[in-house]
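**Student:** here is my input; please provide its structure:
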Amino acid sequence: MMKMMYTKNYRGSDLAPVYPINVSKSQRASLVTSRRQTKGKSRRSRSQLMIGGFRERSARGQTMLCVLVCVLFLSALVHSGPAVSRAWHSDDLQQELDPEVGMNITEIIRRWGYPAEEHQVLTEDGYILGVNRIPWGLKPSKGARPAVFLQHGLLAAGSNWITNPPTSSLGYVLADAGYDVWIGNSRGNTWSRKHRTLSPYEDEFWRFSHDELALKDLPAVVDHILKVTGQEQIFYIGHSQGTTIAFMAFSTLPELASKIRLFFGLAPVATVAFTGSPMTKLSFLPDAVIWDLFGRRDFLPQSAMIKWLAEHVCAKHLLSELCGNIFFVLCGFDEKNLNMTRTPVYTTHCPAGTSVQNMIHWAQAVHTGRLMAFDFGAAGNMKHYNQSTPPEYRVQDMKVPTALFSGGQDTLADSKDVAVLLTQVPNLVYHQYIEHWEHLDFIWGLDAPEQMFPAVLKLLQEYR
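**Tutor:** Below is the predicted model:
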């Protein structure tokens, strides 16, 4: 067991202490803005209009989602500039469409020769989550195979962990290293749109935020893994929102926390007080306005429109930069560290959707600069929490051994937010700062096999 917490800089192997950035109370106070807690009236429409495959959504919500996709596309077009111009004047536009564009997670895994299983996990509130498993690597290892649970981030899916070739996808690397790999899918994404009694075409299905992902989804999946494998503890690796729900769950549910050997936080997000992500522009709108604009159901699901862009635009060799820039608009990326030929695969699997309520929860987090439960307004909070304000999650109460990996160019998991987080995690055993990395490098970075995978494998071995 490692007892000393240390930091590794990507430029060398020298160990150095953590020097967090001090954030004054006045700086925190300046981040807090007032929000009106008005309730927007539901504007449900029964028309048969379909945009991106959603039915029975309000006409305004459908239009706004369509506009949002178009804005992302046009913003990416501006960033791409000369590359797009060259593409339109090229005689060699079309590259062979990657077969993984039309595959699900299991099919992608099996395409590379790995064994794959599909599991369905029922949560206590009735959601049916799709969970994928790679039980072993290309060469089955002898002896015990500790279970590792991989959890994706916001608007993403489990495919994030296996959409690069095997040597640069963490899911395959772990399987080949002798681990039993489990891949989660949060409620509401492409692979977790089922419920015992509710339909995705009902508002009630989408009444969740990352509170439920943390307190309902995580316990159900962890218990399922332990039941199937017969193990007492698992390793947990989360990216972005996958770390957020871990901070929430492991600090609130001691029994769940006791089942985690080691928590890996990639691009960790506890607070978003300093984030520069364009997605935070939603925070400028009152909750009621967001409800009215986008409806009360799903936000940016995998749709027919996005699939069309992936197949007919991203598949054009010289236009792959354009599709890559769509990710830049969402959360930032380094095109030199991204396999641009894989962008058709990335864009047909991500974004994978979440609830509008979850996006509002993130907008609230930008306002408060704190890790708090969803704010239903004074009256709603009394009903849900028996107090007028939402409760705060205390990362300081989390006892799970924790290893964090952060990037210097990450605009979503901003370095200043991470610096605050480093002072709050009580059992921080490792921190690696990779100066040139952005938010997506942790799942798709070309240099991940050199920059991050060795440290992950070493820590896994030490805590087996």
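**Student:** and the contacts of stretch 200-212?
**Tutor:** Contact partners of stretch 200-212, identified using CB atoms under 8 Å, 6 or more residues apart in numbering, comprise 42, 44, 55-56, 125, 187-188, 193, 195, 198-199, 216, 241, 244-245, 248, 296-298, 355-358, 360-362, 373-374. Where C-beta positions appear, they are placed from N, C-alpha and C, glycine not excepted.
**Student:** go again with 7 Å.
**Tutor:** Stretch 200-212 is contacted from outside by 42, 55-56, 187-188, 193, 195, 198-199, 241, 244-245, 296-298, 355-358, 361, 373-374, using CB atoms under 7 Å, 6 or more residues apart in numbering.
**Student:** could you turn the buried ones of the residues you listed into a PyMOL selection?
**Tutor:** In PyMOL, this line selects whichever of the contacts of stretch 200-212 come out buried by 16 or more other CB atoms under 10 Å:
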select buried, resi 56+187+188+193+195+198+241+244+245+296+297+298+355+356+357+358+361+373+374
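**Student:** filter the contacts of stretch 200-212 down to just the ones in helices.
**Tutor:** Within the contacts of stretch 200-212, residues falling in helices by DSSP state H are 241, 244-245, 356-358, 361.
**Student:** export those to TSV and tack on distance to Thr275 and pLDDT?
**Tutor:** Output for the ones in helices among the contacts of stretch 200-212, formatted as TSV (distance: CB to CB, whole Å; pLDDT from 0 to 100):
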residue	distance to Thr275	pLDDT
Gln241	12	98
Thr244	12	99
Ile245	17	99
Val356	19	94
Gln357	19	96
Asn358	16	96
His361	14	96
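**Student:** separation between the residue nearest to Arg145 when sequence neighbours are not counted and Leu174?
**Tutor:** Counting by CB to CB, 6 or more residues apart in numbering, Asp180 is the residue found nearest to Arg145 once chain neighbours are left out, at 4.2 Å. Distance, Asp180 to Leu174, using CB to CB, to the nearest Å: 9 Å.
**Student:** any residues in contact with both of those two?
**Tutor:** Common neighbours of Asp180 and Leu174 (CB under 7 Å, 6+ apart) are Val148.
**Student:** between the ones in helices among the contacts of stretch 200-212, which sits nearest Asp414?
**Tutor:** Thr244 (13.7 Å; CB to CB).
**Student:** can you pull the contacts of the closest one?
**Tutor:** Counting by CB under 7 Å, 6+ apart, Thr244 touches 210, 269-270.
**Student:** most neighbours out of the residues you listed, which is it?
**Tutor:** With neighbours taken as other CB atoms under 10 Å, the top of these is Val269, carrying 29 neighbours.
**Student:** secondary structure class of that residue, three-state.
**Tutor:** Look at Val269: counting by DSSP: H, G, I helix; E, B strand; the rest coil, its state is coil.
**Student:** check Glu118 too.
**Tutor:** The three-state label given to Glu118 by three-state DSSP is strand.
**Student:** what pLDDT does it get?
**Tutor:** pLDDT, Glu118: 99.
**Student:** 22 is where my numbering starts, stick with that
**Tutor:** All set: I'll call the first residue 22, so the last point we hit is now Glu139.
**Student:** ok, it touching Leu150?
**Tutor:** No - Glu139 is beyond contact range of Leu150, at 11.2 Å (criterion: CB atoms under 7 Å).
**Student:** of those two, who's got more company?
**Tutor:** A direct count of neighbours by other CB under 10 Å for Glu139 and Leu150 places Leu150 higher, at 25 against 12.
**Student:** so which residue is dead centre in the chain?
**Tutor:** By CA atoms, centre = their mean, the chain has its centre lying nearest to Gly174, at 0.6 Å.
**Student:** and it, what does it touch?
**Tutor:** Per CB under 7 Å, 6+ apart, neighbours of Gly174: 260-263.
**Student:** which residues does the spatially closest residue to Pro136 that is not a sequence neighbour contact?
**Tutor:** Using CB to CB, 6+ apart and skipping residues adjacent in sequence, the residue nearest Pro136 is Pro156, 5.5 Å away. In this structure, Pro156 makes contact with 136, 138, 201, judged by CB under 7 Å, 6+ apart.
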